[in-house]
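> I need the structure of the sequence given here:
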Amino acid sequence: MDIRQITPDYAVSPQITPADLVALKAAGFTTVIDNRPDAEIAGDLHAPVMRAAAEALGLTFVANPIIGGALTMANVTAQRAAMDAATGPVFAYCASGNRSSMVWALAEARNRPVDDLVGLPARFGYQLDHLRPQIEALARG
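Numbers count the residues shown, from 1 in each chain. A predicted model of the protein is given here:
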């Protein structure tokens, strides 16, 4: 597992397994957000399996699947709600961490400068410059 700490309270990674949840709990994460649609992965990694494993450890699990190239405002709203409800650091995953970074940047549009929302994920290779217009529009509300 490759945890990429975007901020002290939000991290992303590529796909994880149920076994990785123990390490996430030990690292202090309280909420796990699955941004990967079940149709992309094998059954042993589907949201219901991951939810059961996470909840058995006392973690909050949120399924917010983002179809590649089809990120919606419903995804942004759901991610924001999960982040707001979290009682501690949030960990989100998808195929590479890119979708989890994109939805975070859009969900944080009103809380952080655009340069941070683009620059923080860029440290891990996530290029979000193309989202600047959307982030700016959301920041204006």
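
> stretch 57-69: end-to-end distance?
32 Å (C-alpha to C-alpha, to the nearest Å).

> same question for it: list its buried residues.
The neighbour-count check on stretch 57-69 (16 or more other C-beta atoms under 10 Å) flags 59-66 as buried. (Glycine included, C-beta is placed from N, CA and C.)

> then stretch 127-141?
Neighbour-count burial for stretch 127-141, counted by 16+ other C-beta under 10 Å, picks out 128, 131, 134-135, 138-139.

> do stretch 73-87 as well
Residues 75-76, 78-80, 82-83, 86 are the ones in stretch 73-87 that count as buried (16+ other C-beta under 10 Å).

> follow-up on the earlier one: and of the buried residues of stretch 127-141, the nearest to Ala26?
Nearest to Ala26 among these is Leu128, at 29.5 Å by C-beta to C-beta.

> assign the nearest residue to that closest one once chain neighbours are set aside to helix, strand or coil.
Counting by C-beta to C-beta, 6 or more residues apart in numbering, Val118 is the residue found nearest to Leu128 once chain neighbours are left out, at 4.8 Å. Counting by DSSP: H, G, I helix; E, B strand; the rest coil, the backbone at Val118 sits in helix.

> quick one, what contacts Val118?
Applying C-beta atoms under 8 Å, 6 or more residues apart in numbering, one finds that Val118 lies in contact with 105, 128-129, 131-132, 135.
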